[in-house]
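Student: After the sequence you'll find the predicted model.
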Amino acid sequence: MRAAHLDISGQTVFRKGGAQIRKQCQRPRSRPSSGRQSHGRPSRSSKTVVYEDKQELDTVLSRIANLPPLVSAAEIDRLRAQLKDPSEDKLKVLLQMSLVLIWGMRLPIVRIARMAGQYAKPRSSPFETVDGEKIMSYRGDNVNSIDPKDRKPDPQRLLSAYFHSASTVNYVRLLLSGGFADIHHPKAWDLGYVRREDIRRDYQMIVNKLTDALGFMKVIGADGSRLSALNTVDMYTSHEALLLDYEQALNPAPVSDWYNLSAHFIWIGDRTRQLDGAHIEYFRGVKNPVGVKVGPTMDAAELVRVLDILDPLLEPGRVTLITRYGADKIDKFLPDHIKAVQATQHRPVWCCDPCHGNTTTAPSGHKTRSFDAIVSEITSNIAIHRELGSRLSGIHLELTGEHVTECTGGSQELDAKDLPVNYQTFCDPRLNYEQSLDIAFLVAKYFEKERATNGKN
């Protein structure tokens, strides 16, 4: 049985489930530690935010700890089971992408949205120079402001982050319960943005096939009146769990296991995955499925050690490895990482992040990403996994449902001079609505061609 998974960052998972699980003593999970509380192992974090008013921080964290959780343990368990077999505009593009991928891959989709909590940003340095003045780096809206005059970390922003997350989660649930995900609803499949006629024709063919299939299902009675799955979808939330004080505040005392109830799925960034660090220590204690960013700086032995710590019970789908190399580096690093994991009994979900390793700076000074480089890393990833008898299980895209101009390329044929037209991000450049659909169509076409080659429907 194969499954698939899509993330608003947006991650697409299609993996073969099942793994041999060896017998071993099951140690009880201890309370996840933020680094303040240790389990007898060294615990450090170079990315810790320092607040001037410790009393105010404790007051805010105490209040957050007494607020309702953002997600439920039951929802997290449902995601865990699916990984074993694997805003409105954002929600719209995510649903459209998943529908295209279902058609192209003939695999069910698990949708994980990078929303309702992605407010903290890792930085390589705690300081930066602006107009000749050394100031604190912008660490995300739940820490400080993008305004250079307001860079002091403010604990009240953690409380604001909680309420923004709650409103986002509630709005998404309202949309989904109100039929927003009903695949019979018109989702404005306007392909007028595609400049090249041949590409637009290919995309339109996929849309027409989808429409015909849905029409046929309605005629034979296999529509939403009988199959509720056509009217709604599971939607899970995720973010990088960077600020551990905030994350631990949303770990209520458990009946049996510790769940992080700030999101269904959380991950460790490439800069905070030190073996003796606070983030690894925290993540090993939570029941949530967790992700780990894997880049060129991680050697194969370290990767195996991370899996040993986070997945001691060898649970399929417990850990998602989110690889981020860059289109020009993937051939050098991914094969060794795959071989190292194959030599163990761990069965992680392999996921490709083709965005973060392909970030460049345009002549105008704007951070940007090349659509062609992103596609290149995806296709190389698929090919390398296939060659080694493995399988790519996800695509993690940083995207928005808005019509921004932050990445170059795609069927709109944006180039560097177009970036200032609608460049909105304060941090990393995102694929826009059209470029996101481009990715879905290209991946769907890839697997449709593969099925045709193998003689499968």
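Tutor: That came in fine, so what should we check first? As the structure is a prediction and not an experimental result, all values here were calculated from the model. Numbering: from 1, shown residues only.
Student: After the lowest-mean-pLDDT helix or strand in the chain, which helix or strand is next?
Tutor: When each helix and strand of the chain is scored by mean pLDDT, DSSP states H and E, strand 15-16 comes last, with a mean of 32. Beyond strand 15-16 on the C-terminal side, the first helix or strand identified by DSSP states H and E is helix 54-65.
Student: which helices and strands does that following helix pack with?
Tutor: With contacts taken as 3 or more Cβ pairs under 8 Å, 6 or more residues apart in numbering; DSSP states H and E, helix 54-65 sits against helix 156-177, helix 244-249. C-beta: built from backbone N, CA, C; applies to glycine.
Student: what helices or strands is the last one leaning on?
Tutor: Here helix 244-249 touches helix 54-65, helix 156-177, helix 278-283, going by 3+ Cβ pairs under 8 Å, 6+ apart.
Student: Arrange these in a markdown table, one row each, with mean pLDDT and distance to Leu94 as further columns.
Tutor: Formatted as a markdown table, the helices and strands packed on helix 244-249 follow (pLDDT from 0 to 100; distance: least, Cβ to Cβ, whole Å):
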| stretch | mean pLDDT | distance to Leu94 |
| --- | --- | --- |
| helix 54-65 | 94 | 27 |
| helix 156-177 | 86 | 10 |
| helix 278-283 | 96 | 25 |
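Student: re the thing from before, out of the helices and strands packed on helix 54-65, which gets nearest to Lys54?
Tutor: helix 244-249 (10.8 Å; Cβ to Cβ).
Student: Just send the helices and strands packed on helix 54-65 back as a markdown table, with distance to Cys352 and mean neighbour count too.
Tutor: Putting those into a markdown table (distance: least, Cβ to Cβ, whole Å; neighbours: other Cβ atoms under 10 Å) gives the following:
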| stretch | distance to Cys352 | mean neighbour count |
| --- | --- | --- |
| helix 156-177 | 25 | 17 |
| helix 244-249 | 25 | 23 |
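Student: Redo those helices as CSV? Include distance to Arg430.
Tutor: Output for the helices and strands packed on helix 54-65, formatted as CSV (distance: least, Cβ to Cβ, whole Å):
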stretch, distance to Arg430
helix 156-177, 17
helix 244-249, 23
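Student: Okay, His346 and Pro153: tell me how far apart.
Tutor: Distance, His346 to Pro153, using Cβ to Cβ, to the nearest Å: 37 Å.
Student: and those two? which has more neighbours close in?
Tutor: Between His346 and Pro153, counting by other Cβ atoms under 10 Å, His346 is the more crowded of the two (23 against 18).
Student: give me every residue that touches the spatially closest residue to the more buried one that is not a sequence neighbour.
Tutor: In space, and not counting its chain neighbours, His346 is closest to Leu307: 4.5 Å by Cβ to Cβ, 6 or more residues apart in numbering. Neighbour list for Leu307: Val319, Val341, Thr344, His346, Pro348 [criterion: Cβ atoms under 8 Å, 6 or more residues apart in numbering].
Student: Any figure for the gap between the closest residue to the first one other than its chain neighbours and Ile109?
Tutor: Read it as Val319. Of all residues not flanking Val319 in the chain, Pro348 sits nearest, at 4.5 Å (Cβ to Cβ, 6+ apart). Pro348 is 19 Å from Ile109, where distance means Cβ to Cβ.
Student: For those two, indicate the residue with more neighbours.
Tutor: The neighbour comparison of Pro348 against Ile109 (other Cβ under 10 Å) goes to Pro348, with 27 against 24.
Student: Does the more buried one touch Val341 like I think?
Tutor: Yes: assessed by Cβ atoms under 8 Å, Pro348 is found in contact with Val341 at 6.6 Å.
Student: got any residues that touch both of those two?
Tutor: Residues touching both Pro348 and Val341 (Cβ under 8 Å, 6+ apart): Leu307, Leu321.
Student: mean confidence score for stretch 259-268?
Tutor: Mean pLDDT, computed over stretch 259-268, is 95.
Student: can you give me the mean pLDDT across the helix or strand Glu75 falls within?
Tutor: Assignment of secondary structure by DSSP H and E places Glu75 within helix 73-84. On average, the pLDDT along helix 73-84 is 88.
Student: could you dump it to CSV, C-alpha only?
Tutor: Extracted C-alpha coordinates of helix 73-84, given in CSV (Å, rounded to 0.1, in the frame of the first residue of the first chain):
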residue,chain,number,x,y,z
ALA,A,73,-3.7,14.0,20.5
ALA,A,74,-6.2,12.1,18.5
GLU,A,75,-5.4,14.2,15.4
ILE,A,76,-1.7,13.6,15.9
ASP,A,77,-2.3,9.8,16.2
ARG,A,78,-4.3,9.9,13.0
LEU,A,79,-1.3,11.6,11.2
ARG,A,80,1.1,9.1,12.7
ALA,A,81,-1.0,6.2,11.3
GLN,A,82,-1.1,7.8,7.9
LEU,A,83,2.6,8.4,7.8
LYS,A,84,3.2,4.8,8.4
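Student: Just the buried residues of that helix, please?
Tutor: Ala73, Glu75, Ile76, Asp77, Leu79, Arg80, Gln82, Leu83, Lys84 (16 or more other Cβ atoms under 10 Å).
Student: Go ahead and confirm the third one touches Lys287.
Tutor: In other words, Ile76. Yes: applying Cβ under 8 Å, one finds Ile76 in contact with Lys287, separated by 6.7 Å.
Student: so what sits against both of those two?
Tutor: Tyr259.
Student: so who does Val71 touch?
Tutor: For Val71, the contact set (Cβ under 8 Å, 6+ apart) comprises Val169, Tyr236, Thr237, Leu261, Ser262, Ala263, His264.
Student: quick one, phi/psi of it?
Tutor: Note on Val71: its backbone torsions stand at phi -130, psi 170 [degrees, to the nearest 10].
Student: any idea how far it lies from Ile64?
Tutor: Using Cβ to Cβ, Val71 is found at 14 Å from Ile64.
Student: Looking at the helices and strands packed on helix 244-249, spot the one closest to His403.
Tutor: helix 156-177 (20.1 Å).
Student: Give me the helices and strands touching that closest one, please.
Tutor: The elements that helix 156-177 packs onto, with contact taken as 3+ Cβ pairs under 8 Å, 6+ apart, are helix 54-65, helix 88-105, strand 235-240, helix 244-249.
Student: Recalculate using a threshold of 10 Å.
Tutor: helix 54-65, helix 88-105, strand 109-114, strand 235-240, helix 244-249 (3 or more Cβ pairs under 10 Å, 6 or more residues apart in numbering; DSSP states H and E).
Student: on that earlier part again, and the residue nearest to His346, what element?
Tutor: Using DSSP H and E, Leu307 sits within helix 300-310.
Student: Once you drop chain neighbours, what's closest to Glu128?
Tutor: Ser137 is the one closest to Glu128 (Cβ to Cβ, 6+ apart), at 4.8 Å.
Student: Revised request: answer the last question for Asp202.
Tutor: The shortest distance from Asp202 to any non-neighbouring residue, by Cβ to Cβ, 6+ apart, is to Lys445 (6.7 Å).
Student: The one you found falls within a strand, correct?
Tutor: No: Lys445 is assigned helix when assessed by DSSP: H, G, I helix; E, B strand; the rest coil, not a strand.
Student: measure it to Gly317 for me?
Tutor: 28 Å.
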